[in-house]
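Asks: Fold the following for me, if possible:
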Amino acid sequence: MPQTAGICGVILAAGESSRMGRDKALLPWPPVAEGTPAVNTFLGAMIDLLQQHSDLVIVVAGKNVTELEPVADAHGAFTVTNPAPERGQFSSVQVGLRDVLNRGRDAAFLVPVDRPPALPSTIHELRAAFLASDTNVWAAVP
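Replies: Next up, the predicted model:
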């Protein structure tokens with residue numbers, strides 16, 4: 001893998017959140033008391049974090065694309081739709097990485113949307129470790 005700075009952030013957000021009852025990507029982050037307006041969402045916070053360490057951010061949505069696209073747009077991210085999210089998270093990985101390649105990049109941070117954002121220092125160290133690695137290394141895991 002060429003060691004370039006052309007890294008994308010890819011946020012996997014095509015799940016239905018069926019057990020949650022509402023889209024996890026749109027949960028407030030940081031958490032707020034009920035009735036208090038949210039400052040951000042899981043999706044918005046993840047986009048903001050990844051933009052500091054990548055060329056661009058791609059959000060992989062599914063049937064929830066109409067709800068997620070305005071958040072992605074407001075935070076300067078691109079949205080791509082997984083046409084078959086019922087096939088599971090790996091299908092979203094494939095859709096996201098295909099879009100990374102279509103945008104002329106060859107590396108990506110892959111993150112699920114339903115986790116609080118990592119510390120910026122973690123993303124920084126992960127990027128640095130990947131870029132400093134041997135060309136035979138294709139992944140770095142925190």
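
Asks: what secondary structure does the residue of the chain positioned farthest from its centre sit in?
Replies: What lies farthest from the middle of the chain is residue 35; by C-alpha atoms, centre = their mean that is 27.4 Å. Here residue 35 is recorded as coil under DSSP: H, G, I helix; E, B strand; the rest coil.

Asks: count of neighbours near residue 124?
Replies: Residues lying near residue 124 (other C-beta atoms under 10 Å) number 13. C-beta: built from backbone N, CA, C; applies to glycine.

Asks: do residue 121 as well
Replies: Residue 121 has 8 neighbouring residues, counting by other C-beta under 10 Å.

Asks: any idea how far it lies from residue 74?
Replies: To residue 74, residue 121 is 26 Å away according to C-beta to C-beta, to the nearest Å.

Asks: And for residue 29?
Replies: 14 Å.

Asks: Pick out whichever of these two has more residues nearby.
Replies: Comparing residue 29 with residue 74 by other C-beta under 10 Å, the one with more neighbours is residue 29, at 19 against 11.

Asks: contacting residues around the more buried one?
Replies: Contact analysis of residue 29 by C-beta atoms under 8 Å, 6 or more residues apart in numbering lists 38-42, 44-45, 116-117.

Asks: show me where this protein has strands.
Replies: Ranges of strands in the chain, per DSSP state E, are 7-12, 56-61, 78-81, 107-112.

Asks: Excluding its own residues, what touches the first one? List them.
Replies: In other words, strand 7-12. For strand 7-12, contacts defined as C-beta under 8 Å, 6+ apart pick out 43, 46-47, 50-51, 53-60, 77, 89, 92-93, 96-97, 99-100, 103, 105, 107-113, 127, 130.
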